[in-house]
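> Fold the following and give me the result.
(2 chains)
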Amino acid sequence: MRHPGPRSRSWFDRIADPSEKALAWLLLTPAIVFILAIVAYPVSTLLWNSLHDVRLLTAQGARFVGTENFALVMSDGQFWRAVRNTMIIVVVTVPGALVMGLALAMLANMPFKSRGPIRLALLLPWAMPLAFVGLIFAWFFHSEYGIVNDVIQRFGGEPRIWFNSPSLTMMAICIATIWKTSSFMALILLAGLQTIPSSLYEAAEVDGASKWTQFTQITLPLLVPSMLVALIFRTLTAIQSFDIPYSMPGPGEETQTLAMYIHMNAVDYLDVGYSSALAVCMFILSMATTWIYLRYVRSDSK
Amino acid sequence: MRVILKDYMAANPGVKVSLEVGGATSELTQRYLSTVLTARDASLDAFLIDIVRPAQFAAAGWTEPLDKYFGADREAVRAQYLDGYRTANTVDGRTIALPGFADAMFLYYRKDLLEKYNEAVPTTWPELARVARKILDGERDPNLQGLSFQGKAVEGAVCTFLLPYWSLGGEIVRDGKMSFDRAKAEASLKMWRQMVTDGIAKRNVSEVATDDTRKEFQAGRVVFGINWGYAWNHFQSGTGTTVAGKVGVTTLPAMPGGKTVTCGGGWSWAVSAFSRNKVETAKLVRHLTSPAVAQQLAVRASLHPAIASVYRDAEVLRTVPWFADALPIIETAHARPVTAMYRPISDALRINFNTVMAGVRTPDEALNEIEHRIKRALR
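Numbers count the residues shown, from 1 in each chain, chains lettered A, B, ... in the order given. Here you go, the predicted model:
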């Protein structure tokens, strides 16, 4: 005879017929395990490493050093140069990609007969691997064989040795990055554009509003939510810029980004402690940026 | 190398050696080996490493010290090699690796031009600049360079920077501690920069890598060239060479009042700490670093031996006669900083050297950064 009540049930019954709360936990467990394994464990290891002197090239094991790694980071000119370079990429390429992406999205949203090929062309840069784009643009800007200098010369200009100057290299990196990331922007903005009901434009048309007024008064305000989403994603990936600057190196380490500097310390120097401290700094930078954006979104929706 | 291994397998039945090829440059090989060895992979028994690496491998615990495998022969094995090579492969008194072959930087010069202007081979850098200036002024050839050296941020630039620094008695690391001598480093940077501003070296020397020096010298566009041993064969019999028979080779000049040094290069054989066949592998490595194999490598591949007696071998002198001149130069070879932290130090030196040569940074700014980065690497 079976007696009702949770305490007296056999373990088999409890698994085969769990209560609603237990079921919820049961179903969530795989997700929780995954999150612990791929987020919590690496992040806590990173934090632990950043407080220790861990160098795989020395036989000594990890040694607790407190905030010494962070003090070194703060006094490290190379770190600040990497932060500056990363910030230049953020400040130039995020708005750049937004403007280009908006233009592309408007173009793709036009009532063409065959929008398919245009949308496909729009997606192509997005589908390309980053390192691939970096290598292609490195050839474009090559001082002797590059197409950019060829075009400059055809128009009577002076060819330049792009990768011999930090500022010209940064310019080339930004152009490549904008080309590569505009299509992602366009993709999200296009989705946003399609949610705007066409009745709004028809009403504006009746009221005699010009195309420009329609753009500034209807399109832009209604696109703000999609723009914010796109901007957050784009800013975060810009802070993590690695592939393109890595495949388009300037003189010395003048155009090194933060991610490149972390890679150098971790992979080439096997200095796990110091590179973890650098990664924590980058994490803080990304968190701060996201927080500013989210604050803007909340205050905007109120 | 394949011939040598085949002979070894024929002489040692039951031992099978297979050869695996790492990266094309020292840095890429290093990246490959550090991946395999950080993972404690046992698939490689022995490996060939750049002469700058033994300290790093020893500190990381990637190599098996070889002394115990040689027993009573230990001292005899070690005594065969030239001093510089014995030192570079010994870390804290343990034999970490054995030299497979040697190399060094040489000063190549145009015998014909020096004779034409009745000048002797210069022995100091200012003397070299004076002779080069005289020849440049006399030849009036806009394509001719007085001196070609490596200013690009490659490993060769570490040597370029260190040559005058060592000549003045400077060291980067002594007993594992930083011993950076700022005045001597400044003298080195200024000397090289002046070669550029005085027009002895070409203006874009910051783009010149090792093989560019070789190509330009071979094309007859250089009076004095600094390069490794491999360049000699190209000058004498490379395709389209215009300088065959006109090239002299000598020790690198010194700083005024300094000593004569060159930058030692070459590669060493080491046994993996994770190998499952250490005894057999140590035997193989001992064979690969023996005088007999060094003689074979000299004759077949014109690689410089790290063993003095091989330079006097009749067959070697017949096939590569210039090795007779090379021995005294190799004997002045100075080892690059012996430290586990070689890579960050090498980066600090070559990148800053490069930016000074390009005129992007002043010697003072470069020295600040070099000092800071070495200090951090050796903390």
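
> Is stretch B:148-165 in proximity to chain A?
Yes. Stretch B:148-165 reaches chain A (C-beta under 8 Å from any C-beta of the partner chain) through B:Ala153. From N, CA and C alone the C-beta is placed, and that goes for glycine too.

> Quick check: residues of chain A near chain B?
Residues of chain A lying close to chain B by C-beta under 8 Å from any C-beta are A:56-59, A:72, A:76-78, A:164, A:166, A:251-254, A:264, A:267-271, A:274.

> dump the residue contacts of the most centrally placed residue in chain A.
By C-alpha atoms, centre = their mean, chain A has its centre lying nearest to A:Thr237, at 1.4 Å. Applying C-beta atoms under 8 Å, 6 or more residues apart in numbering or on different chains to A:Thr237 gives the contacts A:Thr181.

> Wait, a helix at it?
Yes. Per DSSP: H, G, I helix; E, B strand; the rest coil, A:Thr237 lies within a helix segment.

> And residue 207, what's its pLDDT?
Unless you meant another one, I'm taking chain A. On the pLDDT scale, A:Asp207 is placed at 88.

> not quite, I wanted chain B
Here the pLDDT value assigned to B:Glu207 is 80.

> can you check B:Asp181 too?
94.

> Let's test this: what are the backbone torsions at it?
Taking degrees, to the nearest 10, you get phi -100, psi 100 for the backbone angles of B:Asp181.

> rewinding a little: out of the residues of chain A next to chain B, which end up buried?
The neighbour count (16 or more other C-beta atoms under 10 Å in any protein chain shown) marks A:56-58, A:72, A:76, A:78, A:164, A:166, A:251-254, A:264, A:268-271, A:274 as buried among those.

> Report how many residues lie close to residue 135.
Using chain A. For A:Leu135, the count of nearby residues is 16 (other C-beta atoms under 10 Å in any protein chain shown).

> Switch to chain B, please.
Number of residues near B:Ile135 (other C-beta under 10 Å) recorded here: 20.

> what does B:Asp83 give?
Look at B:Asp83: counted by other C-beta under 10 Å, it has 11 neighbours.

> Give me the distance between the nearest residue to it once chain neighbours are set aside and chain A.
If the residues on either side of it in the chain are set aside, B:Asp83 comes closest to B:Glu331, at 7.7 Å by C-beta to C-beta, 6 or more residues apart in numbering or on different chains. In this view, B:Glu331 and chain A are 31 Å apart by C-beta to the nearest C-beta, to the nearest Å.

> for B:Leu44, same thing?
Counting by C-beta to the nearest C-beta - B:Leu44 and chain A are separated by 18 Å.

> could you list every residue that touches the residue nearest to that residue when sequence neighbours are not counted?
Using C-beta to C-beta, 6+ apart and skipping residues adjacent in sequence, the residue nearest B:Leu44 is B:Ser272, 5.4 Å away. Counting by C-beta under 8 Å, 6+ apart, B:Ser272 makes contact with B:Leu37, B:Ala42, B:Leu44, B:Asp45, B:Ala46, B:Phe47, B:Trp62, B:Thr63, B:Glu64, B:Thr281.

> Now the stretch 51-200 of chain A against chain B: closest residue?
A:Leu57 (4.9 Å; C-beta to the nearest C-beta).

> Test my guess that that residue contacts A:Leu270.
Yes. Counting by C-beta atoms under 8 Å, A:Leu57 touches A:Leu270, with 5.0 Å between them.

> hey, what's in contact with both of the two?
B:Ala60.

> where do the helices sit along the stretch 201-302 of chain A?
Secondary structure of the stretch 201-302 of chain A by DSSP state H, counting those that start in this stretch: the helices cover A:211-214, A:220-239, A:243-247, A:258-263, A:272-301.

> again with the stretch 201-350 of chain B
Here the stretch 201-350 of chain B has its helices, by DSSP H, counting those that start in this stretch, at B:210-218, B:231-237, B:278-288, B:291-301, B:314-319, B:323-331, B:342-357.

> and of those helices, who's closest to B:Lys375?
helix B:342-357 (9.8 Å; C-beta to C-beta).

> per-residue confidence for A:Pro6?
With respect to pLDDT, A:Pro6 has a value of 51.

> can you pull out the strands in the chain?
All of this refers to chain A. Assigned by DSSP state E, the strands in chain A fall at A:52-53, A:63-64.

> ah, no, chain B please
Under DSSP E, chain B gives strands at B:46-50, B:90-91, B:94-95, B:98-104, B:106-110, B:145-148, B:173-174, B:177-178, B:222-227, B:247-250, B:262-271, B:333-334.

> can you redo the ones you listed as a markdown table with mean pLDDT, mean neighbour count and distance to A:Glu158?
Shown next, in a markdown table, are these (pLDDT from 0 to 100; neighbours: other C-beta atoms under 10 Å in any protein chain shown; distance: least, C-beta to C-beta, whole Å):
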| stretch | mean pLDDT | mean neighbour count | distance to A:Glu158 |
| --- | --- | --- | --- |
| strand B:46-50 | 92 | 21 | 41 |
| strand B:90-91 | 87 | 20 | 53 |
| strand B:94-95 | 91 | 18 | 58 |
| strand B:98-104 | 92 | 25 | 42 |
| strand B:106-110 | 95 | 23 | 35 |
| strand B:145-148 | 95 | 24 | 24 |
| strand B:173-174 | 86 | 14 | 46 |
| strand B:177-178 | 85 | 14 | 45 |
| strand B:222-227 | 96 | 26 | 28 |
| strand B:247-250 | 92 | 18 | 38 |
| strand B:262-271 | 93 | 26 | 39 |
| strand B:333-334 | 88 | 22 | 44 |
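
> does B:Thr160 really touch B:Phe149, like I thought?
Yes. Using C-beta under 8 Å, B:Thr160 is in contact with B:Phe149, at 5.2 Å.

> in stretch B:287-296, what counts as buried?
Buried, per 16+ other C-beta under 10 Å, within stretch B:287-296: B:His287, B:Leu288, B:Thr289, B:Ser290, B:Val293, B:Ala294, B:Gln295, B:Gln296.

> Now the second one: closest residue in space, sequence neighbours ignored.
Meaning B:Leu288. In this structure, B:Leu288 finds its nearest non-sequential neighbour in B:Trp269, 5.2 Å apart by C-beta to C-beta, 6+ apart.

> Let's test this: mean pLDDT of stretch A:133-144, rounded?
The average of the pLDDT scores along stretch A:133-144 is 90.

> I'd like the distance between A:Leu120 and A:Pro129.
To A:Pro129, A:Leu120 is 18 Å away according to C-beta to C-beta, to the nearest Å.

> ugh, wrong one, B:Arg193
For B:Arg193 relative to A:Pro129 (C-beta to C-beta), the value is 41 Å.

> Go ahead and confirm B:Ala46 touches B:Leu284.
Yes. Contact status for B:Ala46 versus B:Leu284: in contact at 6.3 Å, counting by C-beta under 8 Å.

> mind listing what's buried in the longest helix anywhere in chain A?
Longest helix in chain A by number of residues, with DSSP state H as the criterion: helix A:77-109. Neighbour counts using 16+ other C-beta under 10 Å place A:78-79, A:81-83, A:85-86, A:88-90, A:92-94, A:96-98, A:100-102, A:104-105, A:108-109 of helix A:77-109 among the buried residues.
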